[in-house]
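Novice: what shape does this take:
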Amino acid sequence: MRGQIRTVTGDMPADQLGLTLMHEHLYTDLRPIRTREEVAVPLAEVLAAELPLLAESREAGITLLVECTPPGIGRTPLLYRQLSEASGVRVVAATGLYKEPLLPAIAYDWSHSQLVDWMVGEIEEGMEGEDGERSTVRAGLVKLASSDQGLQEVEAKTLRAAIEAAKATGAPIASHSTRAHSALAQLDILAASGLDPGRFVVVHSHAEPDFANHLEYARRGAWVEYDAIGGGPDDAFVELTLRALDAGLVGQLLLSQDVCGWLVGYPNGGNDRRFAYLVTDFVPKLRAVGVSDADLHTILVENPRRILSFA
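Specialist: Predicted structure coming up:
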């Protein structure tokens with residue numbers, strides 16, 4: 001598997017990867033678990049809404065999108081494969097678990113070894129749908145999350161299981177970590193486990209207001225990801241990207257948008273954003289302030305190749 005990226009349509013050589021969106025969502029359900037009513041996936045509506053957006057992305061040169069929805073919040077492996085096959089954009093999907101209070105019962109009820117075996121099975125054999133049925137669509141990433149108020153015991157439990165699954169399979173780990181105390185607690189556990197921190201992405205690093213902590217993530221060897229581009233004014237993200245590049249983080253920086261192409265519970269999926277925006281609108285703004293094509297290639301092509309390739 002070394003040098004291979006695991007997508008929902010099969011493994012691909014890492015050297016075939018072009019422009020990459022590292023953190024997006026094609027179909028997600030963030031409704032409270034305890035009161036959630038089952039809904040059928042409106043397949044025709046989802047395809048009609050998202051295929052034009054993915055086609056635009058493909059035309060803009062985007063070759064792969066990382067779908068960061070973990071089990072329990074609407075992950076739908078077969079839909080991701082349909083969207084990928086129909087659009088020509090490769091998709092990496094995730095195993096793993098989210099954070100309180102959006103965790104399924106297995107996060108609490110299963111033992112460490114059960115969680116490890118389950119994640120490994122999703123990576124090596126195939127992911128389960130929301131109905132619990134295993135598909136042949138395999139995960140290429142472990143997605144976790146940490147709470148803003150601090151890393152919760154159940155979140156640390158799932159992290160330890162993810163680390164063992166990553167060691168067993170070579171898959172990378174990405175974790176929603178909007179506050180430094182939670183991110184650094186995870187990196188402490190990672191260091192104690194012996195897993196290379198270069199296999200760990202601090203998702204939503206931009207949400208941590210103290211830039212010194214971004215530098216600390218990188219100093220410890222982790223990836224720094226700014227991934228809400230297009231969700232608000234671009235000037236702040238241009239400035240933050242320049243600051244990271246000036247600090248020498250070009251080889252540890254990832255950019256994305258966190259677009260939710262279809263969010264359950266909202267009319268027509270609730271999305272008014274574009275997957276292609278990063279390339280068509282934001283990248284020209286980086287070029288305009290002097291970011292080189294070489295640095296852009298590193299951030300949008302080479303860095304995703306490195307983290308997504310199975311180690």
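Novice: list the contacts for the closest residue to Ile307 other than its chain neighbours?
Specialist: Closest residue to Ile307 apart from its sequence neighbours, by CB to CB, 6 or more residues apart in numbering: Pro172 at 5.1 Å. Backbone N, C-alpha and C define where each C-beta goes, glycine included. For Pro172, the contact set (CB atoms under 8 Å, 6 or more residues apart in numbering) comprises Leu141, Val142, Ala166, Arg199, Phe200, Val201, Ile307, Leu308, Ala311.
Novice: in a markdown table, list the residues you listed along with pLDDT.
Specialist: Formatted as a markdown table, the contacts of Pro172 follow (pLDDT from 0 to 100):
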| residue | pLDDT |
| --- | --- |
| Leu141 | 98 |
| Val142 | 98 |
| Ala166 | 98 |
| Arg199 | 98 |
| Phe200 | 98 |
| Val201 | 98 |
| Ile307 | 98 |
| Leu308 | 98 |
| Ala311 | 81 |
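Novice: pick the one among those closest to Gly269.
Specialist: Using CB to CB, Leu141 comes nearest to Gly269 of the contacts of Pro172, at 22.8 Å.
Novice: how close does that closest one get to Leu54?
Specialist: 19 Å (CB to CB, to the nearest Å).
Novice: Gly96 too?
Specialist: In terms of CB to CB, Gly96 sits 23 Å off from Leu54.
Novice: could you do Met127 as well?
Specialist: Taking CB to CB, one finds Met127 at 20 Å from Leu54.
Novice: could you do Thr69 as well?
Specialist: 16 Å.
Novice: please enumerate the strands of the stretch 101-250 of the chain.
Specialist: 141-145, 173-176, 200-203, 223-226 (DSSP state E, counting those that start in this stretch).
Novice: only alpha carbons, please: show the first one as CSV.
Specialist: This file holds the C-alpha atoms of strand 141-145, laid out as CSV (Å, rounded to 0.1, in the frame of the first residue of the first chain):
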residue,chain,number,x,y,z
LEU,A,141,-8.8,8.1,6.4
VAL,A,142,-9.6,8.0,10.1
LYS,A,143,-11.7,11.1,11.1
LEU,A,144,-12.0,12.1,14.7
ALA,A,145,-13.0,15.1,16.7
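Novice: hmm, back to that, please identify which of Gly96 and Leu54 sits among more neighbours.
Specialist: Gly96 (28 against 23; other CB atoms under 10 Å).
Novice: the more buried one and Glu155 touch, don't they?
Specialist: No - contact between Gly96 and Glu155 fails when scored by CB atoms under 8 Å: they sit 10.9 Å apart.
Novice: what stretches of the stretch 201-311 of the chain score poorly on pLDDT?
Specialist: Applying pLDDT under 70 to the predicted model, the stretch 201-311 of the chain contains no residue that meets it.
Novice: show me where it has its helices.
Specialist: 211-219, 234-246, 277, 283-288, 293-297, 303-308 (DSSP state H, counting those that start in this stretch).
Novice: contacts for the fourth one, please.
Specialist: The one in question is helix 283-288. Asp234, Val238, Thr241, Asp293, Leu296, Leu300.
Novice: and the two most separated of these?
Specialist: Farthest pair in the contacts of helix 283-288, by CB to CB: Asp234 and Asp293, 19.0 Å.
Novice: looking at those two, which is more packed in?
Specialist: A direct count of neighbours by other CB under 10 Å for Asp234 and Asp293 places Asp234 higher, at 16 against 9.
Novice: now the more buried one: how far from Ala228?
Specialist: 11 Å.
Novice: closest one of the contacts of helix 283-288 to Leu195?
Specialist: Using CB to CB, the contacts of helix 283-288 come closest to Leu195 at Leu300, 25.5 Å.
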